[in-house]
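Undergrad: coords below, sequence missing:
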């Protein structure tokens, strides 16, 4: 099994949003909430933001920036990540439950 799986991502540089079709079973309202949150984050901070599932099913936020992006503020980006995690705490708990229910190890 892979170390992590991308759930969704947004890129300010490319003005694109990606949702992994493997997780199509998520409710539409959750997909829309993820899209709105990530697109807004990418627009505000720059670079790209991804939500990935760890092997244990924990949703994690990863940030990617281009080295030549001198306007990218790493400190502000980390503060925004902390805010997003607090604001979406319930959503992240629901995502973990979803992941474990549909993709967790079968014993």
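TA: That came through, no problem. The model shown is predicted, which means the values in this text are computed figures rather than measured ones. Residues are numbered from 1 along each chain as shown.

Undergrad: State the number of residues packed around residue 79.
TA: Neighbourhood size, residue 79 [other C-beta atoms under 10 Å]: 12. Glycine gets a C-beta too; all of them are placed from N, C-alpha and C.

Undergrad: Against which helices or strands is the helix or strand hosting it packed?
TA: Per DSSP states H and E: residue 79 is located in helix 74-87. With contacts taken as 3 or more C-beta pairs under 8 Å, 6 or more residues apart in numbering; DSSP states H and E, helix 74-87 sits against helix 28-45, strand 59-64.

Undergrad: Pipe these into JSON lines and attach distance to residue 82 and mean neighbour count per row.
TA: Output for the helices and strands packed on helix 74-87, formatted as JSON lines (distance: least, C-beta to C-beta, whole Å; neighbours: other C-beta atoms under 10 Å):
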{"stretch": "helix 28-45", "distance to residue 82": "12", "mean neighbour count": "16"}
{"stretch": "strand 59-64", "distance to residue 82": "10", "mean neighbour count": "16"}
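
Undergrad: Quick one, which of these gets closest to residue 17.
TA: helix 28-45 (5.6 Å; C-beta to C-beta).

Undergrad: C-terminal to the closest one, what's the next element?
TA: strand 48-54.

Undergrad: Just the angle for that following strand relative to strand 59-64, thanks.
TA: Counting by axes from the mean of the first three to the mean of the last three C-alpha atoms, to 10 degrees, strand 48-54 lies at 140 degrees to strand 59-64.

Undergrad: hang on, residue 31 packs against residue 21?
TA: No - counting by C-beta atoms under 8 Å, residue 31 stays clear of residue 21, with 11.0 Å between them.

Undergrad: and for stretch 19-36, what are the contacting residues?
TA: 5-8, 10, 17, 51, 88, 91, 94-95, 98, 102 (C-beta atoms under 8 Å, 6 or more residues apart in numbering).

Undergrad: Which member of the residues you listed is positioned nearest residue 42?
TA: The shortest approach to residue 42 among the contacts of stretch 19-36 belongs to residue 10, at 4.1 Å (C-beta to C-beta).

Undergrad: dump the residue contacts of the closest one.
TA: 16, 17, 18, 35, 38, 39, 41, 42, 48, 49.
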